[in-house]
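# Mind folding the following:
(chains A and B)
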Amino acid sequence: MIDKKAIEHIAKLARLHVSGEEAEQFSQQLSKALGYFEQISKVETKGIEPLVTPSDMEVFWREDISIKELSAEELVANAPEKVGNLFKVPPVV
Amino acid sequence: MDLIKASLSEISSAVKTKKVSAVEVTQFFQSRITKLDSQLNSYVTVNESASKEAAAIDAKVAKGEDPGLLAGVPFGIKDMFCTRGLRTTAGSKMLSEFVPPYDATVVARLRSAGATVLGKLNQDEFAMGSSNETSFFGPVKNPWDTAHVPGGSSGGSAAAQSARLAAATLGTDTGGSIRQPSSLCGIVGVKPTYGRVSRYGIVSYASSLDQAGPMVSSVSDAALTLEVICGRDEKDSTTSERSVPAFSKNLNQDLKGMKIGLMKEYMNRPGNHVDTSKTVEAAIDAVKKRGAEIVEISVPLTEHAVPMYYLIAASECSSNLARYDGVKYGHRAHFDNLGSIDLDAFYEKSRGEGFGKEVKRRIMLGTYCLSSGYYDAYYNKACQVRRLLRQQYTEAFQKCDVILSAVTTHPAFKIGERVSDPLAMYLNDIYTVSTNLAGLPGMSVPFGMSGHLPIGVQLTAAHFEEQKMLNVGFALEKDSPVAGKAPHVI
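Residues are numbered from 1 along each chain as shown, chains lettered A, B, ... in the order given. Here you go, the predicted model:
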């Protein structure tokens, strides 16, 4: 059971504002979903290495050379706020 | 030239031989979007430069150059793919004003093969959903019946293709998001093997599951598009070095010697709509008539596929979506006070306002699964079972070439019918998520009708065996009862 307190804790970890109404809903919905998902605990997996990606390919390397693809102007173009080519954020200290 | 019925290779050769100009083709589809999309809501953004892009193709032809395999073919692109200079929203308020400075590799490859971009297609927010109802830009309607969902998450692609508001479209598939809407809208959708197609420039949802693929009107159109988009990309280290076959030239409808597997766990599953079961039965008869042998196989762990999928996808989602912090791009919350603010509050409010409910739900689920004390029981456990599932598939593919099954339990359901119960919505994905977990290629081919709604069948092949799957689809297409039928909105 994921109670409202647990929801608040998870929301804090995720840096995600969740309204009181959402917390109520998520508590019920996630409890129900996880209750169903628990079934995988029945599968015997002792000594099995977790599969984190479905490909067995070897990592390939490329030359460590710099390529200039985008200008600074292009890179900051989507900033919510900027000053010249700098990202602007509110004072946080 | 009837551009509604024309294949992609017909369009391309007509453009190359100047029977029709790329500009005319583009304008034909643009006028259809203007006329019909108010009924469907399939486009989020229309590309105002499409005609200009098409004119550049015509200029190449005029100079005697070959623009490529898809010369002058106008594509609709799911809004998960970054398109240079063209807004890319992922169906979210978070990215509602995001204009990428670069093209996704797949989009760049389409362009260098001569294709043009008509616009960006609606989808579930960050590709999280099975009905296209989670989009910030409103739900997409199914062209066969606008009271019904088109499926998701690539619902805009499926609806636009089905109503011919593009010559071809692209989708992404993390747990069925190409195959399920293709089934519900009566089109052909292919999710390639994990590693076949570059993910560079695609908005990330669950990186170990995401793949891009074509959503088009025929198997040969799918094969041709795959030839263009597949293959190793320096910018995505998970892409495979394997050579890409000439899928469209190798298509073969003769299934003699082909073994079609019917999975014990998927056959006659209770809860299927009667017309879904009938469609699968009819497809079995059709492949038999074309010389295929039917074999029974078993992949017992598919029973646990939905839990495995949601635990893994949500975990990866919570990690991937941590990048949206309101600093460099994306939605930033407004703060009135001019003094110092709390940094956590800055993140929490920006993210809380920018993400919709389903995305929040999955971030919460994933954060929980990855949190201290639960990591082993949920995320790690799901990954261990995932390895066993892949092993079982490898064994099954020693007995058969292609697995045939249902895509979804039901034809398209009504808009609003399932939004209140997330778990019921997740269980829709029972037949599609295993393919992504094991990294296999899968596709949906239209093969049945339920009243006036189309139904597809799913074909799944072993890693990098797309050709076998495409050939079975190519054969089925010849006998499909959906052929010749058109949606209500066209």
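
# Distance check, residue B:488 against chain A.
Taken as CB to the nearest CB, to the nearest Å, the spacing of residue B:488 relative to chain A amounts to 34 Å. Where you see a C-beta, it was placed from the backbone N, CA and C, and this is true even at glycine.

# Next, count neighbours for residue 55.
No chain was given, so I picked chain A. Residues within reach of residue A:55, counting by other CB atoms under 10 Å in any protein chain shown, total 16.

# Hmm, no, I was thinking of chain B.
Residue B:55 is flanked by 16 other residues according to other CB under 10 Å.

# Export only the CA atoms of the helix or strand harbouring it, formatted as CSV.
Using DSSP states H and E, residue B:55 maps to helix B:50-62. Written as CSV, here are the backbone C-alpha positions of helix B:50-62 (Å, rounded to 0.1, in the frame of the first residue of the first chain):
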residue,chain,number,x,y,z
ALA,B,50,6.8,21.9,-46.8
SER,B,51,6.2,23.3,-50.3
LYS,B,52,9.7,24.9,-50.3
GLU,B,53,11.2,21.6,-49.3
ALA,B,54,9.3,20.0,-52.1
ALA,B,55,10.5,22.6,-54.6
ALA,B,56,14.1,21.8,-53.7
ILE,B,57,13.4,18.1,-54.7
ASP,B,58,11.9,19.3,-58.0
ALA,B,59,14.9,21.4,-58.6
LYS,B,60,17.2,18.4,-58.2
VAL,B,61,15.1,16.4,-60.7
ALA,B,62,15.2,19.4,-63.1
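
# Distance from it to the middle of the chain?
28 Å (CA atoms, centre = their mean, to the nearest Å).

# for stretch B:395-408, same thing?
Stretch B:395-408 sits 20 Å away from the centroid of its parent chain (CA atoms, centre = their mean).

# Report the separation between the two terminal residues of stretch B:61-72.
The first and last residues of stretch B:61-72 sit 10 Å apart, counting by CA to CA, to the nearest Å.

# Distance of residue A:77 relative to chain B?
Separation of residue A:77 from chain B (CB to the nearest CB): 6 Å.

# which residues touch the residue lying closest to residue B:381 once chain neighbours are set aside?
Across the structure, with CB to CB, 6 or more residues apart in numbering or on different chains as the measure, the residue nearest residue B:381 apart from its sequence neighbours is residue A:40 (5.8 Å). Contact criterion CB atoms under 8 Å, 6 or more residues apart in numbering or on different chains gives B:304, B:307, B:308, B:311, B:381, B:382, B:385 as the residues in contact with residue A:40.

# do that again at 10 Å, thanks
For residue A:40, the contacting residues are B:301, B:303-308, B:311, B:377-378, B:381-382, B:384-386, taking CB atoms under 10 Å, 6 or more residues apart in numbering or on different chains as the criterion.

# Next, it: secondary structure please.
helix (DSSP: H, G, I helix; E, B strand; the rest coil).

# What count of nearby residues applies to the residue in the stretch 1-150 of chain B that chain A sits nearest to?
Nearest residue of the stretch 1-150 of chain B to chain A: residue B:101, at 4.0 Å (CB to the nearest CB). Neighbour count for residue B:101, taken as other CB under 10 Å: 16.

# Would you indicate which residues of the lowest-mean-pLDDT helix or strand in chain B are buried?
Every helix and strand of chain B was ranked by mean pLDDT, DSSP states H and E. The lowest is helix B:422-427, at a mean of 84. Within helix B:422-427, the residues that count as buried by 16 or more other CB atoms under 10 Å in any protein chain shown are B:422, B:423, B:425, B:426.

# cool, and stretch B:483-490?
Buried, per 16+ other CB under 10 Å, within stretch B:483-490: B:487, B:489.

# Around chain A, which positions in the stretch 101-250 of chain B sit nearby?
The stretch 101-250 of chain B has residues B:101-102, B:193-196, B:207-209, B:211, B:232, B:234-235, B:237-242 near chain A, with proximity defined as CB under 10 Å from any CB of the partner chain.

# residue closest to the middle of chain A?
Taking CA atoms, centre = their mean as the criterion, residue A:14 is the residue nearest the geometric centre of chain A, at 7.6 Å.

# Please report how far that one lies from residue B:57.
In this structure, residue A:14 lies at 46 Å from residue B:57, with CB to CB, to the nearest Å as the measure.

# repeat for residue B:330
In this structure, residue B:330 lies at 34 Å from residue B:57, with CB to CB as the measure.

# ok, for the residue nearest to the centre of chain A, nearest residue in space, not its chain neighbours?
For residue A:14, ignoring the flanking residues on the chain, the nearest one in space by CB to CB, 6+ apart is residue B:367 at 4.3 Å.

# My understanding was that residue A:26 contacts residue B:358; is that so?
No. Proximity of residue A:26 to residue B:358 does not meet the contact threshold set by CB atoms under 10 Å, at 11.1 Å.

# Between those two, point out the one with more neighbours.
The residue with more neighbours, out of residue A:26 and residue B:358 and counting by other CB under 10 Å, is residue A:26; that gives 25 against 20.

# can you tell if the host helix or strand of the more buried one touches chain B?
For residue A:26, the enclosing helix or strand under DSSP H and E is helix A:20-37. Yes. Judged by CB under 10 Å from any CB, helix A:20-37 and chain B are in contact via A:22-23, A:25-30, A:32-37.

# Does anything pack onto that helix? Which helices or strands?
For helix A:20-37, the contact count by 3 or more CB pairs under 10 Å, 6 or more residues apart in numbering or on different chains; DSSP states H and E identifies helix A:4-13, helix B:305-320, helix B:357-370, helix B:422-427 as packing neighbours.

# hang on, the earlier thing: give me the subset of the buried residues of helix B:422-427 that also touch chain A.
Applying CB under 10 Å from any CB, the subset of the buried residues of helix B:422-427 adjacent to chain A comprises B:422, B:423, B:426.

# Can you give me the distance of the nearest residue to the first one once chain neighbours are set aside to residue B:377?
Closest residue to residue B:422 in three dimensions, ignoring its sequence neighbours and counting by CB to CB, 6+ apart: residue A:29, at 5.2 Å. Separation of residue A:29 from residue B:377 (CB to CB) stands at 19 Å.

# So which of the two has more stuff around it?
Neighbour count, other CB under 10 Å: between residue A:29 and residue B:377, residue A:29 has more, with 20 against 15.

# ok, that one - contacts?
By CB under 10 Å, 6+ apart, the contact set of residue A:29 is A:2, A:22, B:357, B:361, B:364, B:365, B:420, B:421, B:422, B:423.

# ok, it to residue A:15 distance?
According to CB to CB, residue A:29 and residue A:15 sit 21 Å apart.
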